[in-house]
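Chemist: Coordinates for the following, if possible.
(chains A and B)
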Amino acid sequence: MSTFKIQVRESSGINILELKGYLDAHTAPELEKAFQGLLDTKKFNIIVNCRDLTYISSAGLGVFMAYIEDVRKNQGDIKLSNMSPKVYNVFDLLGFPLLYDITTDEAEAMTKFKGGK
Amino acid sequence: MKADTVHLRIHSQTEKLNLVREFIGEAAREHGFDEEAVGKIMLAVDEACTNIIKHAYGYAPDRTIDLEIQIAGDRFDIVITHSGKSFDPTAVRKPDMQEYFKKYQRGGLGIHLMRTLMDGVEYEALPDSRNLVRMYKYLPHEDRKQR
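Modeler: The predicted model follows:
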């Protein structure tokens, strides 16, 4: 049984990745594939909803690092929303809130996209 | 009665990380760590094993990694041994995160996390060309008193 799942949906031109379960070195390639799929089809406005993300290791953080530059070069962004305190702590320990826009919920991230960041 | 030494051997495969986290989590809970500390220990050990699978074994899936929990005095130790390429996590410099983000770097954060999450990380090259990584966290006070 897989420990990690991604659902992709689109809402008003914004692409939302919903993550569920454990994002580690084993499952990180699945997230890479999902990002690559969006970039290949020139979709650069991305929200990653972490509501059901139970766990993240540095392999998962590495995936976000791999795509943020390309996405921003194309006037897009990767915004992260709905993180549990446990998952947020890992981002925070490494200073990731400096580089990434982390919002309380998906609606806030949507508003920021619509309002031009 | 809590066992003072518990052991787990895994193959060098990332799909085993789940098992490693369960094993470590259960042992840490048994020794009185709260959920926040349990999460930190699990993540640190995941990072150590991931590094071994990636860098010491270069993703060869048929090698082994041994994990042992040792309780000595007021410390909860996790001893990880492998026979891959020697790799000293304590020799890696702490990254400057401002620079890291400016250059959109990748990787190298696992070791930084291990050190941040644990009270200590040590490395030893064993005489039989095995490598040992020891990580520890001080036991919560209540558990110390019971022992």
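Chemist: got the phi/psi numbers for residue B:7?
Modeler: When read as degrees, to the nearest 10, the backbone of residue B:7 gives phi -130, psi 140.
Chemist: ok, what's across the strand from it?
Modeler: Here residue B:7 sits in beta bridges with residue B:68, as judged by DSSP bridges.
Chemist: Next, count neighbours for it.
Modeler: Residue B:7: 12 surrounding residues under other CB atoms under 10 Å in any protein chain shown. Heads up, the C-betas are built off the backbone N, CA and C, glycines and all.
Chemist: repeat for residue A:41
Modeler: Residues lying near residue A:41 (other CB under 10 Å) number 9.
Chemist: What of residue B:40?
Modeler: Residue neighbour count, defined by other CB under 10 Å, stands at 21 for residue B:40.
Chemist: residue contacts, it?
Modeler: Residues counted as contacts of residue B:40 (CB atoms under 8 Å, 6 or more residues apart in numbering or on different chains) are B:117, B:118, B:137.
Chemist: From the chain's centroid, how far away is stretch B:42-50?
Modeler: Stretch B:42-50 sits 5 Å away from the centroid of its parent chain (CA atoms, centre = their mean, to the nearest Å).
Chemist: which other residues reach it?
Modeler: Applying CB under 8 Å, 6+ apart, the external contacts of stretch B:42-50 come out as A:24-25, A:55, A:57-59, A:90, B:10, B:14, B:16-17, B:20-21, B:24-25, B:28, B:65, B:67, B:78, B:80, B:89, B:110-111, B:113-114, B:117-118, B:121, B:133, B:135.
Chemist: ok, which stretches of chain B are helices?
Modeler: B:17-30, B:35-51, B:97-102, B:109-117, B:141-146 (DSSP state H).
Chemist: Check chain A too.
Modeler: Counting by DSSP H, the helices of chain A are A:28-40, A:58-73, A:85-93, A:106-114.
Chemist: for those, which one ends up most surrounded?
Modeler: Of those, the one with the most neighbours on average (mean count of other CB atoms under 10 Å in any protein chain shown) is helix A:58-73, at a mean of 19.
Chemist: Tell me which residue is most central in the chain.
Modeler: Chain wasn't specified; assuming chain A. In chain A, the centroid-proximal residue (CA atoms, centre = their mean) is residue A:48; its distance is 3.2 Å.
Chemist: try again with chain B
Modeler: Of all residues in chain B, the one closest to the mean position by CA atoms, centre = their mean is residue B:45, 2.9 Å from it.
Chemist: circling back to that earlier point, ok, of the contacts of residue B:40, which one's closest to chain A?
Modeler: Set against chain A, the nearest of these by CB to the nearest CB is residue B:117 (7.6 Å).
Chemist: what's the nearest residue to residue A:3 if we skip its chain neighbours?
Modeler: What sits nearest to residue A:3 in space, not counting adjacent residues and going by CB to CB, 6 or more residues apart in numbering or on different chains, is residue A:22, at 4.3 Å.
Chemist: for chain A, what are the nearby residues on chain B?
Modeler: Within chain B, the positions near chain A by CB under 8 Å from any CB of the partner chain are B:14-15, B:17-18, B:21, B:36, B:39, B:43, B:46-47, B:50, B:53-54, B:97-98, B:101, B:104-107, B:109-110, B:112-113, B:116-117.
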